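**Q** structure, please.
(chains A and B)
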Amino acid sequence: DAMVIQNPRYQVTQFGKPVTLSCSQTLNHNVMYWYQQKSSQAPKLLFHYYDKDFNNEADTPDNFQSRRPNTSFCFLDIRSPGLGDAAMYLCATRGQGALSNQPQHFGDGTRLSIL
Amino acid sequence: AQSVSQHNHHVILSEAASLELGCNYSYGGTVNLFWYVQYPGQHLQLLLKYFSGDPLVKGIKGFEAEFIKSKFSFNLRKPSVQWSDTAEYFCAVSSGTYKYIFGTGTRLKVLA
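**A** Below you'll find the predicted structure:
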């Protein structure tokens, strides 16, 4: 009964070839997040959605885009992946609740490799 | 800018040893604090959280954490670790927004 589902678990793409990672949730949460996590580093927030409102982090490269067609689904598009984009990508959700004391719920992640 | 520091990157313990993992944050206002655990091959899961009240918080699997406001710390503890506690542990902070700042994580290995 996974609640935040990321597909695929492993994704291999070629340098410069666009790739899309997907995330779906059964929690009906308003907020969805995408993080990039490299080995031995903290998860780094790329962007988040509050409903359909998109919030990009200032240091997220333009190469990274996102779509949220409905409450349940959110996509991460990497337009021209470089070798430095190889990482684990984590999707998370959060209910509205009282500000910031709600925990996030994470998916298993997609490990992206670039050839 | 907010930041979270986890000073222990790798910890190795024998079973039944006591555990304390450090977490310090930098933010002067009201914060909400979390510890997450990531078992090998699994997703990040919430261990415990603090947002108000008793600064000693109890979580799942016998873990607890103490919020010390004067020290900007939220250290994770467990009196007696088990082999199954082998995992990576992340401290995270949130403060009045939908954003969470994570520490770099501590990899715990428990020897049977």
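**Q** mind listing the strands for chain B?
**A** In chain order, chain B shows strands spanning B:3-5, B:10-14, B:19-21, B:24-26, B:32-38, B:45-50, B:56-58, B:64-68, B:73-78, B:87-94, B:100-102, B:106-111, with DSSP state E as the criterion.
**Q** can you tell me the closest non-neighbouring residue to the residue most central in space within chain B?
**A** The residue at the geometric middle of chain B, judged as the C-alpha nearest the mean C-alpha position with Cα atoms, centre = their mean, is B:W35 (3.7 Å). Using Cβ to Cβ, 6 or more residues apart in numbering or on different chains and skipping residues adjacent in sequence, the residue nearest B:W35 is B:L47, 4.3 Å away. (Glycine included, C-beta is placed from N, CA and C.)
**Q** what's the separation between the one you found and A:Q14?
**A** B:L47 sits 39 Å away from A:Q14 when distances are taken as Cβ to Cβ, to the nearest Å.
**Q** so which of these two has more stuff around it?
**A** Higher neighbour count among B:L47 and A:Q14: B:L47, with 23 against 10, using other Cβ atoms under 10 Å in any protein chain shown.
**Q** how about the residues of chain B by chain A?
**A** By the rule Cβ under 8 Å from any Cβ of the partner chain, the part of chain B lying against chain A is B:4, B:9, B:32, B:34, B:36, B:42-46, B:49, B:51-52, B:90, B:94-105.
**Q** please indicate which of the residues you listed are buried?
**A** For these, a burial check counting by 16 or more other Cβ atoms under 10 Å in any protein chain shown picks out B:4, B:32, B:34, B:36, B:43-44, B:46, B:49, B:51, B:90, B:94-95, B:98, B:100-105.
**Q** A:R67 against A:F54, yeah?
**A** No. Between A:R67 and A:F54 no contact is recorded; they are 9.0 Å apart, counting by Cβ atoms under 8 Å.
**Q** same for the helix or strand containing A:N55, what does it pack against?
**A** Following DSSP states H and E, one finds A:N55 within strand A:53-56. Taking 3 or more Cβ pairs under 8 Å, 6 or more residues apart in numbering or on different chains; DSSP states H and E as contact, the helices and strands that strand A:53-56 lies on are strand A:44-50.
**Q** hmm, who's touching the strand it packs on?
**A** With contacts defined as Cβ atoms under 8 Å, 6 or more residues apart in numbering or on different chains, strand A:44-50 is touched by A:30-38, A:54-57, A:60, A:64, A:66, A:68, A:74, A:76, B:98-100.
**Q** which ones are touching the most centrally placed residue in chain A?
**A** The centroid of chain A falls nearest to A:W34 when counting by Cα atoms, centre = their mean (2.7 Å). Under the criterion of Cβ under 8 Å, 6+ apart, the contact list for A:W34 reads A:23, A:45-48, A:64, A:66, A:74, A:76, A:89-91.
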